[in-house]
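S.K.: what follows is a predicted protein model with its sequence.
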Amino acid sequence: MIEVKDLVRQFKSGDRTIKPVNGVSFELEKGTLASIVGKSGSGKSTLLSLLGALDKPTSGDVVVDGVSLAGLPAGKLTEYRRRDIGFVFQQFNLIPNLSAVDNVMLPMEFAGMRKTARLERARSLLEQVQLDPEKQSRRINRLSGGEQQRVAIARALANKPKLILADEPTGNLDEQTGEHIIELLSSLSRDHNTTILVVTHDRSLAQKTERRFRLQQGKLSEETVRPRVAAGT
Amino acid sequence: MSVLARSVGNAFRNKIRTAAVVAVLAVAIGLALAMLVANQAVGGKVQELNASVGTVLTVNPAGAQGFDGGGEPLTTAQTATAAAVPNVVSVVGTKALRLETATAASTSTTGTTTQQAGPGGGGPGGGTSVTTNLQAAIDAGTLGTRNNASSSTGSGSTGTGNTGTAPAFSLPITATGIGAEVDTSGKALNITSGTGLGDYTVASTKALVGTTLATKNNLKAGSTFTIAGRTFTVAGIFDAGTTFGNNAVYTTLAEAQALAATPGELSSMVVTVNSMDNVDAAKTALQNALGTSKADVTQGQRNLQTAVSSLDSVKNISLVAFIAALGTAGLIILLIMVMLVRERRREIGVLKAIGARNRTIGLQFVLEALVLVALGSVVGAAIASFASGGIASALISSNSSTSTASQRGPGGGGFGGPGGNPFGGASQLLTSVTASASPGVIAAGVAAVFGVAVVGALVPALLTARIRPIEVLRGE
Ligand SMILES: Nc1ncnc2c1ncn2[C@@H]1O[C@H](COP(=O)(O)OP(=O)(O)OP(=O)(O)O)[C@@H](O)[C@H]1O
Ligand SMILES: [Mg+2]
């Protein structure tokens, strides 16, 4: 269960301040698959970074399973990012001189998982995002944009997070692969009770989420809830 | 993938840069190690020289150090006077002889006789020449020949006869009659086989022979050889630690006096004072007791003092250079790592965003720095092992050139050094500072380099703690 309370993030640019997130409040039940749409520059990535404890809000709070992020010291926030959050960055942010498997293994290493277990899980995750086995040991900077995006998704799933925050996870994928990724995320929320918040411009992806938000002028509005559409059917 | 593996990988991310950094580090580390090796070598030598100079005073007949000749030779009776001086713990009389190999000596018979009546009342410099059937263990090198020639003309005390035979010069062997089981600088003899001579005050045909001389002449304890036609038995073999020092024979004092036909006369006295602090006072007291017209008191191997002080300055220079080179290596690491941290800001942000602890990231950077330092140390140690000998001798020769020049001053005093020139020994000591890179010193130096590198890398590693995970959303 995640509660967002009157979140504000403002930036100073020159002599004026902009507020891409200006009083956002919502709640997400555990296991919900939700989406956020909005124009470019509307503040979607900014909101996601606040939820993922990458950035601190100017005001407001995020409460995860009853724990307020505002009250946590830096060390606990690191632990929160490591254990509870899976972040898929808009620009992937993989470590360029490491192989695909090594990138996926990183969060598990930080969590103290044993090496053989890490390797096994990394390979199975890369399989789930349909990365060719022979590309798994390839260095990141020799993979295509779409391949990198799928490695980034696999890395986000590494530590079985409670909350997955995915910024444009299908932006670089063809329709068919994109469909598969949606299906994967959808099954995670359904079968593993993972809460998933996806930022997307992709209408068909947004259509398949249970709750759909729109970010506009710093405010979040929710579209009418429809019954869940089973992925792939 | 572990932190270490990642650090190693990162160290080689930009191979050209890594090569450049390692090269610069290697120069700094190599210099540091070479300086440390030089410092240790020189330090060891200084200690050795100080120990040998130590608390020993040498008494020579008055004027023996000048050109105009002195007065009376020292006598056995004077040892009692010397022994009565406060703080003096022992007095050992010595009588120096110069052993010439029979064939070489025969060509300069006149020299031998001239020598006996030589100027300066038979200065202790060359000692009295007598023949022997022993062969010198060392061939006269350039230095020996030159020293021999210069000392012959310089002091005149070694006999003019030798000048004529200079081209075919063979090194004489030093024979010294000693009143106790010590060498001419007052150090106890190191007898490696056989026994000592027992009572050193009575005449006996037993002798101690230096290791190299014994080897050269196939002598063992119990073997015999001749001096001036008399047969001597080898009682023991001693090791003086130097090649020249081992080209020598010791007999009892009385025996040497008999061989030289000068009973009761001494070439010198070796006076040991109870402590370093009392050396100066004892020296004055001793000089007064013996009379300035009769004896010259010098601090044992005083001529080495200039060598010691020049070596001391070499030691200080090398220490400063070691610290400076070490600091440079640390600074190089600091600057390189600060640059790398700035360059990888975004990547550090990513690691934090996916849950890496600050210490994990800090450790990764410190290890990366250590990988660079390890490479630099390997190359640097190679440089050091090639360069340290050259650096040490360059330092020493530039620092001792003035002191070697001044060493010629006092003339032919001393004990009739092994090369025919008492100062041959001193310059020998200077050049024998061989800066060999001992594994222990190199290991200590490398440990110091790593210590400095850790300190240098810690600053940038701590900087990484201040990078916030939101950096990931910034552009490259
Ligand atoms: N650190 C910052 N300093 C100043 N302005 C910022 C900063 N970060 C983001 N902004 C501004 O905040 C606004 C929201 O940015 P954000 O990246 O959240 O947009 P977005 O909705 O994710 O856009 P897109 O769909 O293009 O990714 C933008 O106008 C951006 O310029
Ligand atoms: Mg964005």
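M.R.: In hand now; what should we look at? Ligands and ions are numbered 1, 2, ... in the order given.

S.K.: B:E265 pairs with what?
M.R.: B:T75 (DSSP bridges).

S.K.: residues touching it, list them.
M.R.: B:E265 makes contact with B:P73, B:L74, B:T75, B:T76, B:K95, B:Q257 under the criterion Cβ atoms under 8 Å, 6 or more residues apart in numbering or on different chains. Where you see a C-beta, it was placed from the backbone N, CA and C, and this is true even at glycine.

S.K.: what does chain B put close to chain A?
M.R.: B:1-2, B:6, B:9-10, B:13, B:346-347, B:350-358, B:360, B:468-470, B:472-473 (Cβ under 8 Å from any Cβ of the partner chain).

S.K.: nearest to ligand 2: which residue in the stretch 101-250 of chain B?
M.R.: B:G241 (80.2 Å; Cβ to the ion).

S.K.: pretty sure that residue sits in a strand.
M.R.: No: the assignment for B:G241, made by DSSP: H, G, I helix; E, B strand; the rest coil, is coil rather than a strand.

S.K.: wait, it touches B:K187, no?
M.R.: No: B:G241 lies out of contact with B:K187 (Cβ atoms under 8 Å); the separation is 9.4 Å.

S.K.: neighbour count winner among the two?
M.R.: B:K187 (17 against 12; other Cβ atoms under 10 Å in any protein chain shown).

S.K.: give me the number of residues near the residue lying closest to B:K216 once chain neighbours are set aside?
M.R.: In this structure, B:K216 finds its nearest non-sequential neighbour in B:A137, 4.1 Å apart by Cβ to Cβ, 6 or more residues apart in numbering or on different chains. Counted with other Cβ under 10 Å, the neighbours of B:A137 add up to 21.

S.K.: measure B:A137 to B:N218 for me?
M.R.: 12 Å (Cβ to Cβ, to the nearest Å).

S.K.: pull out the CA atoms of the biggest helix by length in chain A and give them to me as PDB.
M.R.: Identified as the longest helix of chain A according to DSSP state H is helix A:175-191. C-alpha atoms of helix A:175-191 as PDB (Å, rounded to 0.1, in the frame of the first residue of the first chain):
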ATOM      1  CA  GLU A 175       4.800  -3.600 -30.900                       C
ATOM      2  CA  GLN A 176       5.200  -7.300 -30.300                       C
ATOM      3  CA  THR A 177       8.000  -7.100 -27.800                       C
ATOM      4  CA  GLY A 178       6.200  -4.200 -26.100                       C
ATOM      5  CA  GLU A 179       3.100  -6.400 -25.800                       C
ATOM      6  CA  HIS A 180       5.200  -9.100 -24.100                       C
ATOM      7  CA  ILE A 181       6.700  -6.600 -21.600                       C
ATOM      8  CA  ILE A 182       3.200  -5.400 -20.700                       C
ATOM      9  CA  GLU A 183       2.100  -9.000 -20.200                       C
ATOM     10  CA  LEU A 184       5.200  -9.600 -18.000                       C
ATOM     11  CA  LEU A 185       4.400  -6.600 -15.800                       C
ATOM     12  CA  SER A 186       0.800  -7.500 -15.700                       C
ATOM     13  CA  SER A 187       1.500 -11.000 -14.500                       C
ATOM     14  CA  LEU A 188       3.800  -9.700 -11.900                       C
ATOM     15  CA  SER A 189       1.100  -7.500 -10.400                       C
ATOM     16  CA  ARG A 190      -1.500 -10.300 -10.700                       C
ATOM     17  CA  ASP A 191       0.600 -13.300  -9.500                       C
END
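
S.K.: just the buried residues out of the residues of chain B next to chain A, in ChimeraX syntax.
M.R.: In ChimeraX syntax, the buried subset of these is picked out as below (16 or more other Cβ atoms under 10 Å in any protein chain shown):
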select /B:1,6,9,10,346,347,350,351,352,353,354,355,356,357,358,360,468,469,470,472,473
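
S.K.: re earlier: per-residue pLDDT of the residue of the stretch 101-250 of chain B closest to ligand 2, please?
M.R.: At B:G241, the model reports a pLDDT of 80.

S.K.: show me where the chain has its strands.
M.R.: Since you didn't name a chain, this refers to chain A. A:2-13, A:16-28, A:33-37, A:59-64, A:67-68, A:85-88, A:163-167, A:195-199, A:211-216, A:219-222 (DSSP state E).

S.K.: wrong chain, I was asking about chain B
M.R.: B:56-61, B:74-75, B:88-101, B:128-132, B:173-178, B:191-194, B:206-210, B:224-227, B:230-238, B:248-252, B:265-266, B:268-273, B:295-299.

S.K.: tell me how far the third one lies from the chain's centre.
M.R.: In other words, strand B:88-101. 23 Å (Cα atoms, centre = their mean, to the nearest Å).

S.K.: report the buried residues of that strand.
M.R.: Buried, per 16+ other Cβ under 10 Å, within strand B:88-101: B:88, B:90-101.

S.K.: which residues does the closest residue to ligand 1 within the stretch 251-400 of chain B contact?
M.R.: Relative to ligand 1, the nearest point of the stretch 251-400 of chain B is B:G349 (12.4 Å; Cβ to the nearest ligand atom). Applying Cβ under 8 Å, 6+ apart to B:G349 gives the contacts B:I467, B:R468, B:P469, B:I470, B:E471, B:V472, B:R474.

S.K.: could you rerun that using 7 Å?
M.R.: B:I467, B:R468, B:P469, B:I470, B:E471, B:V472 (Cβ atoms under 7 Å, 6 or more residues apart in numbering or on different chains).

S.K.: what's the offset of stretch A:162-172 from the middle of its chain?
M.R.: So, by Cα atoms, centre = their mean, the centroid of stretch A:162-172 is 4 Å from its chain's centroid.

S.K.: cool, stretch B:210-218 as well?
M.R.: 23 Å.

S.K.: list the contacts of it.
M.R.: B:134-135, B:137, B:173, B:192, B:225, B:237-240, B:243, B:245-249.

S.K.: now the buried members of those residues.
M.R.: B:134-135, B:137, B:173, B:225, B:237-240, B:245-249.

S.K.: hang on, the earlier thing: quick one: the residue nearest to B:K216 and B:T101, what's the gap?
M.R.: In terms of Cβ to Cβ, B:A137 sits 11 Å off from B:T101.
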